[in-house]
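# Build me a model from this:
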Amino acid sequence: TTTHHTVAIIQGNHAQSTKLDRKQWPDIIKTYLRLTEETLQKTPTQFVIWPETIIPALNLNNKQLLNQIQYLSHHYKTNIIFGTPSKLNQKYFNTVAVMTPTGLHAQHYHKIRLMPFGEYWPGKSILRQLGFGQLLPGADYSSGPTQQNALHIDNTIIGTGLCLESIYPWFYQKMKTQNPQFMLTLANNAWFGTSSGAEKHFQMSLFRAVENKNYFIQAANTGISAIISPKGIPIKQSKLNTQDTLTSTIYSSPSKSIYNTIGDIIVYIGFLVILVMMTPIIK
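Numbering: from 1, shown residues only. Predicted coordinates:
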């Protein structure tokens, strides 16, 4: 059976220097709250999606902020999905949290595939032993549980990732076994500035949609944000480095793609065919 969902992406468009300035945090939050309410006033929406790390603070410990988000969620009967740093058992995580009309959802997604030097320092313990510890950041992010746990919200299964996790085909392929209604990635592409990085990241999301025959949503702070069909066609797409909101109705289907069944084996077969075809040339 096919079901449908209404979704909205909020692209706040804040430069990385702005996000790292603690004095700017209240204005950043006001922007997301304002854009969200303006969107919900126009279009009743089941899921509102904010990008990765709305501000680099432990937002789940900020009762005032959570109350503001919950007001919107409760008043408009929507689920607000947002990215935030979090702390659990003395470890820090890059997290996706969800505010439901009845309060903060019990299930969180903690990023699994961390970015070296951005979210953790490889060989940090060795560098400390060599006396370079003072040159490194005080705390790294930790990886979440290795199981590909999709979020279960409002009787909907959502295949969830953060930022560059969407460049790995196997990451969402494994999550497909949980039969998600749709997939998403929350990103902060402000790090890329005006380079081609954001465009290349967006192109990876197009592939993830086609590979898994799922609608795929990319919500990025400075863009590119998009709602992508299972055929890899952007239904709604934002421009880079602009403030924008995107809304659409999306559909889910239990069918699986060939890639979901055989995975990367076709790639290995392709390499083997190329090698065989090149053998006469090598000789």
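# quick one, strands of the stretch 51-200 of the chain?
79-88, 91-100, 103-104, 109-110, 151-153, 156-162, 182-187 (DSSP state E, counting those that start in this stretch).
# Can you name every helix or strand that the fifth one contacts?
Here strand 151-153 is seen to pack against strand 79-88, strand 91-100, strand 156-162 when contacts are counted using 3 or more CB pairs under 8 Å, 6 or more residues apart in numbering; DSSP states H and E. Yep, even glycine has a C-beta here, placed from its N, CA and C like the rest.
# before we move on, back to that, between the strands of the stretch 51-200 of the chain, which gets nearest to Gly12?
strand 79-88 (10.8 Å; CB to CB).
# Which positions within the host helix or strand of Gln41 qualify as buried?
Using DSSP states H and E, Gln41 falls within helix 25-42. Buried residues in helix 25-42, counting neighbours by 16 or more other CB atoms under 10 Å, are found at Trp25, Ile28, Ile29, Thr31, Tyr32, Leu33, Leu35, Thr36, Thr39, Leu40.
# Switch these over to CSV; also include distance to Gly103 and pLDDT.
What follows is the buried residues of helix 25-42, written out as CSV (distance: CB to CB, whole Å; pLDDT from 0 to 100):
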residue, distance to Gly103, pLDDT
Trp25, 23, 96
Ile28, 23, 96
Ile29, 19, 97
Thr31, 24, 97
Tyr32, 19, 97
Leu33, 17, 98
Leu35, 22, 97
Thr36, 17, 98
Thr39, 21, 97
Leu40, 18, 97
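# tally of neighbours for Ser225?
Neighbour count of Ser225, defined by other CB atoms under 10 Å: 32.
# Identify the spatial nearest neighbour of Phe171, chain neighbours not counted.
Closest residue in space to Phe171, ignoring its immediate chain neighbours: Glu165 at 5.3 Å, by CB to CB, 6 or more residues apart in numbering.
# Quick check: the one you found vs Tyr215, distance?
17 Å (CB to CB, to the nearest Å).
# ok, now Gln16?
Distance, Gln16 to Tyr215, by CB to CB: 29 Å.
# where do the helices sit along the chain?
16-19, 25-42, 63-75, 124-129, 169-175, 197-212, 258-262, 265-282 (DSSP state H).
# now the shortest one, how far from the chain's geometric center?
Looking back up the chat, that one is helix 16-19. Distance, stretch centre to chain centre, for helix 16-19: 19 Å (CA atoms, centre = their mean, to the nearest Å).
# Buried residues of that helix, list them for me.
Neighbour-count burial for helix 16-19 flags Gln16, Thr18, Lys19 (criterion: 16+ other CB under 10 Å).
# Low-confidence stretches in the stretch 1-150 of the chain?
Applying pLDDT under 70 to the stretch 1-150 of the chain flags residues 1-2, 116-139, 148.
# Just list the residues touching the residue nearest to Phe171, thanks.
Each residue near Glu165 by CB atoms under 8 Å, 6 or more residues apart in numbering is listed here: Lys111, Ile112, Arg113, Phe171, Thr185.
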